[in-house]
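Enquirer: Predicted model and sequence follow; I will ask about them next.
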Amino acid sequence: MVAILKQGATKEYIQNLLDKIYKEVRTNGVDTKKYCGKINLKMDALDIQKGMRDEWR
């Protein structure tokens, strides 16, 4: 779907377009948007990643 935004479009108009797009677009996978910001980490993400890489050595 193509949405055309014109100069001077309001936030409400843009939000309505986005809502319309999300309703029309159906994916075959997992809706990852609902998980955004839900994970609480006790360590820094980079430290976790380095630790996981060190397990392979």
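Expert: Arrived safely. Numbering: from 1, shown residues only.

Enquirer: pLDDT score assigned to the residue most central in space within the chain?
Expert: Centroid check for the chain by C-alpha atoms, centre = their mean gives residue 33 as the closest residue, at 4.5 Å. Residue 33 carries a pLDDT value of 79.

Enquirer: now residue 12
Expert: For residue 12, the pLDDT comes out at 94.

Enquirer: what helix or strand does it sit in?
Expert: For residue 12, the element it lies in under DSSP states H and E is helix 11-24.

Enquirer: other SSEs contacting that helix?
Expert: Using 3 or more C-beta pairs under 8 Å, 6 or more residues apart in numbering; DSSP states H and E as the contact test, no helix or strand touches helix 11-24. Where C-beta positions appear, they are placed from N, C-alpha and C, glycine not excepted.

Enquirer: What is the subsequent helix or strand relative to that helix?
Expert: Using DSSP H and E, the helix or strand that follows helix 11-24 in sequence is helix 45-54.

Enquirer: what's in contact with that following helix?
Expert: residue 41 (C-beta atoms under 8 Å, 6 or more residues apart in numbering).

Enquirer: Now do the buried residues in it.
Expert: Within helix 45-54, no residue counts as buried by 16 or more other C-beta atoms under 10 Å.

Enquirer: pLDDT (mean, whole number) over it?
Expert: The average of the pLDDT scores along helix 45-54 is 90.

Enquirer: could I have that helix exported to PDB, CA atoms only?
Expert: Extracted C-alpha coordinates of helix 45-54, given in PDB (Å, rounded to 0.1, in the frame of the first residue of the first chain):
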ATOM      1  CA  ALA A  45      23.000  -5.800  25.900                       C
ATOM      2  CA  LEU A  46      26.500  -5.600  24.500                       C
ATOM      3  CA  ASP A  47      27.900  -7.500  27.500                       C
ATOM      4  CA  ILE A  48      25.300 -10.200  27.000                       C
ATOM      5  CA  GLN A  49      26.200 -10.500  23.300                       C
ATOM      6  CA  LYS A  50      30.000 -10.700  24.100                       C
ATOM      7  CA  GLY A  51      29.300 -13.400  26.700                       C
ATOM      8  CA  MET A  52      27.300 -15.500  24.200                       C
ATOM      9  CA  ARG A  53      30.100 -15.200  21.600                       C
ATOM     10  CA  ASP A  54      32.700 -16.300  24.200                       C
END
